[in-house]
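# can you look at this prediction? I've put the sequence above it.
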Amino acid sequence: MKIATAAYPLDQFTEWADYAAKQIHWVREAAQAGADLLVFPEYGRIELATLQAAAGDLEASLHAASDLAQDADHLMADLAQGYGVHILCPSGPVFDEDRARPVNRAWLVGPDGFLDYTDKQVMTRFEREQWDVVPGDPLQVTETPLGKIGVLICYDAEFPLLGRALIEQGAEIILTPSCTDALAGYSRVRIGSMARALEGQCVTVHSPTVGPAPWSPALDENVGAAAIYGPPDLGFPPTGILAEGALNEPGWVLADIDIDAIHRVRAEGAVFNHAHWPESHDRASQSGEQRDLP
């Protein structure tokens, strides 16, 4: 299969038709390049707040983007069906009926419609201290014709146990959409994504927001590069980098992926990180135990 991951700039809109035209353009471009799986970034849906002239206010932007979330996700589901592709939709705030505060949610859609959603698990300082976005439902792996797909939204990719939870559910591809305002933040997610590919002997796909968005106090600066990573071992590049775009350059980054290569490296690689994880967990649990010294 071919994976396309977006380095996605954020824009302002006054009409729904203009927002829809942007999404249609991006999906069409990737589909015409032969992509089977398209990955959009974290908080890409905050663009919706500009349709209600609410993007300049932190609280109002959450509600405005949430109000139009279903319309935006249905648009992507229609595009997935029309082009016969799978899409991780841009994530954004969602106010559920059973929560007072919003979660950060991304839907995975395919040729047959809506498949499943992923909520961010661990909030950054900005999300918890200023925006009051809260953790959502537990992580789940989605089985698709392309493979078993899991999602770690931005900061979540920096925590090994969250990645391992997806691996233990059978994940072969882990998508890591992000939104970071500095090179350090982007680097943290990049390093986390590469580490999750190493530990799980799987493919990880990083999609960031890029460029300035001065109309949003939450997303005013965006730094990143789209990339696709694998384990630096049998059947994969020695750097682990399958494809990587230039820093802050908008557009798609594409790579061909063979799911069988993931199974092969797990069974025949020079190392067995995937299989040996339980040993590392057991050894770590014994750390700090008292021992007799002469």
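Cool, the structure landed. Numbers count the residues shown, from 1 in each chain.
# just the C-alpha atoms of stretch 78-89, please, in CSV.
What follows is stretch 78-89 as a C-alpha-only set of coordinates in CSV (Å, rounded to 0.1, in the frame of the first residue of the first chain):
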residue,chain,number,x,y,z
ASP,A,78,-17.7,10.9,1.8
LEU,A,79,-14.3,11.6,0.3
ALA,A,80,-13.0,8.3,1.6
GLN,A,81,-15.9,6.4,0.0
GLY,A,82,-15.6,8.4,-3.3
TYR,A,83,-11.9,7.8,-3.7
GLY,A,84,-11.8,4.3,-2.1
VAL,A,85,-9.2,5.3,0.5
HIS,A,86,-8.8,5.3,4.3
ILE,A,87,-8.4,8.7,6.0
LEU,A,88,-7.4,9.7,9.5
CYS,A,89,-9.4,12.9,9.7
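# and that stretch, which residues are buried?
78-80, 83, 85-89 (16 or more other CB atoms under 10 Å). For the C-beta atoms, the positions are set from N, CA and C on the backbone; glycine is no exception.
# with pLDDT added, can I get those residues in TSV?
Converted to TSV, the buried residues of stretch 78-89 look like this (pLDDT from 0 to 100):
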residue	pLDDT
78	98
79	98
80	98
83	98
85	98
86	98
87	98
88	98
89	98
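# from these, which land in helices?
78-80, 83 (DSSP state H).
# most widely separated two among the residues you listed?
78 and 83 (9.7 Å; CB to CB).
# what's near enough to touch residue 84?
Contact partners of residue 84, counting by CB atoms under 8 Å, 6 or more residues apart in numbering, are 31, 111.
# what does the one 4 residues further on give?
Under the criterion of CB under 8 Å, 6+ apart, the contact list for residue 88 reads 37-40, 106-108, 151, 175, 177, 207.
# make it 6 Å
By CB atoms under 6 Å, 6 or more residues apart in numbering, the contact list for residue 88 reads 39-40, 106, 108, 175.
# residue 109: how many residues sit nearby?
Other residues lying near residue 109 total 25 when counted by other CB atoms under 10 Å.
# before we move on, what about residue 181?
Other residues close to residue 181 by other CB under 10 Å number 17.
# isn't it right up against residue 221?
Yes. Assessed by CB atoms under 6 Å, residue 181 is found in contact with residue 221 at 4.3 Å.
# report pLDDT for residue 84.
pLDDT, residue 84: 98.
# next one: residue 96
Value listed for residue 96 in the pLDDT field: 89.
# residue 287 too?
pLDDT, residue 287: 85.
# where's it relative to residue 199, distance?
18 Å (CB to CB, to the nearest Å).
# grab the nearest non-local neighbour of residue 103.
residue 136 (3.4 Å; CB to CB, 6 or more residues apart in numbering).
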